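>>> Test case, fold it:
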Amino acid sequence: MKRNQIPAVIYTDRELQPMFLSGNEIADPQKVLSQFFDRYTLPDFRACFGSLLNDALHNTVLPEDVVKAHQALALEVVQVVEAAFLLEDRG
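Numbers count the residues shown, from 1 in each chain. From the prediction side, this is the model:
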């Protein structure tokens, strides 16, 4: 599958591959998706991600537990996208 690239931007081979998945997750990206959707319903995800974006854009000081929860969700979103990339690429 040919992917579009931003003109005049050169990526290394490593940058074109998933960077936030473990070896086991790369071997079985469906597991990442299953874990994510076991953890979040779509309405829960939308609410959490909306809160993450709102907080990131509007709040300068957050409690540490809120920051950690937002960071964890953001990482999970990256992992889901990378897992979906693998599934699409292998499809």
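
>>> ok, and what's touching stretch 73-91?
Outside stretch 73-91, the residues that touch it by Cβ atoms under 8 Å, 6 or more residues apart in numbering are 1, 18-21, 25-26, 29-30, 32-33, 36, 39, 48-49, 52. Every residue, glycine included, has its C-beta placed from N, CA and C.

>>> any low-confidence regions in the protein?
Within the chain, the segments meeting pLDDT under 70 span 1-6, 91.

>>> about what we covered before: most neighbours among the contacts of stretch 73-91, please name it.
With neighbours defined as other Cβ atoms under 10 Å, the most crowded of the contacts of stretch 73-91 is Val32; it has 25 neighbours.

>>> Helices of this structure, residue ranges please.
Applying DSSP state H to the chain gives helices spanning 23-27, 29-39, 42-58, 64-90.

>>> tell me which strands and helices the second one is in contact with?
Which is helix 29-39. Secondary-structure packing of helix 29-39 (3 or more Cβ pairs under 8 Å, 6 or more residues apart in numbering; DSSP states H and E): helix 23-27, helix 64-90.

>>> quick one, which of the ones you listed is packed in tightest?
Among the helices and strands packed on helix 29-39, ranked by average contacts under mean count of other Cβ atoms under 10 Å, first place goes to helix 64-90 (a mean of 14).
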